[in-house]
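Asks: no sequence on this one, just coordinates:
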């Protein structure tokens, strides 16, 4: 990664909840201090029920208000709502492909630019750089940092 950020470890998540957690981390880190997000991450894990995909996907208005009132997390309405919607998208993709990891395998033959467009279009508040970070965190193949937008 660039800009002097500490490089987090890469690891394939054990399950869809792990993918949702890393996707959410990429969404929240965009435009915020990575250090702040890292310091608050234990509260994110608590507030979002350990990122259990089905549980987050089932959140309603009361859960949204609870999260927006939680001082332990970054209370950005757009990003909190995106996390809930992204969990719903992930559930749909997992239902269709057996798991989110299974869905990612269906994209293996695509060039990175095509995969990037597809995923950025499917997930809210995930831009090209956030997608690169997400794929890097979950140990998926990515181009060199300098080539990520080509």
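Replies: That came through fine. Remember, predicted model here, so these are calculated numbers, not experimental data. Numbering: from 1, shown residues only.
Asks: how about the helices in this protein?
Replies: Remark: helices assigned in the chain by DSSP state H are 16-29, 34-47, 53-57, 61-68, 77-97, 100-105, 112-122, 128-137.
Asks: Please identify the most buried of those.
Replies: Mean neighbour count (mean count of other C-beta atoms under 10 Å) peaks for helix 16-29 among the helices of the chain, with a mean of 24. For glycine as for every other residue, the C-beta is placed from the backbone atoms N, C-alpha and C.
Asks: Can you spell out which helices and strands pack onto that one?
Replies: Secondary-structure packing of helix 16-29 (3 or more C-beta pairs under 8 Å, 6 or more residues apart in numbering; DSSP states H and E): helix 34-47, helix 53-57, helix 77-97, helix 100-105, helix 128-137.
Asks: is it possible to export those to CSV including mean pLDDT and distance to residue 114?
Replies: Below are these laid out as CSV (pLDDT from 0 to 100; distance: least, C-beta to C-beta, whole Å):
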stretch, mean pLDDT, distance to residue 114
helix 34-47, 95, 28
helix 53-57, 98, 25
helix 77-97, 98, 17
helix 100-105, 97, 14
helix 128-137, 94, 12
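Asks: Of these, which is nearest residue 13?
Replies: Smallest distance to residue 13 across these (C-beta to C-beta): 7.6 Å, for helix 100-105.
Asks: Including distance to residue 144, could the helices of the chain go into CSV?
Replies: Output for the helices of the chain, formatted as CSV (distance: least, C-beta to C-beta, whole Å):
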stretch, distance to residue 144
helix 16-29, 18
helix 34-47, 20
helix 53-57, 31
helix 61-68, 36
helix 77-97, 27
helix 100-105, 20
helix 112-122, 11
helix 128-137, 10
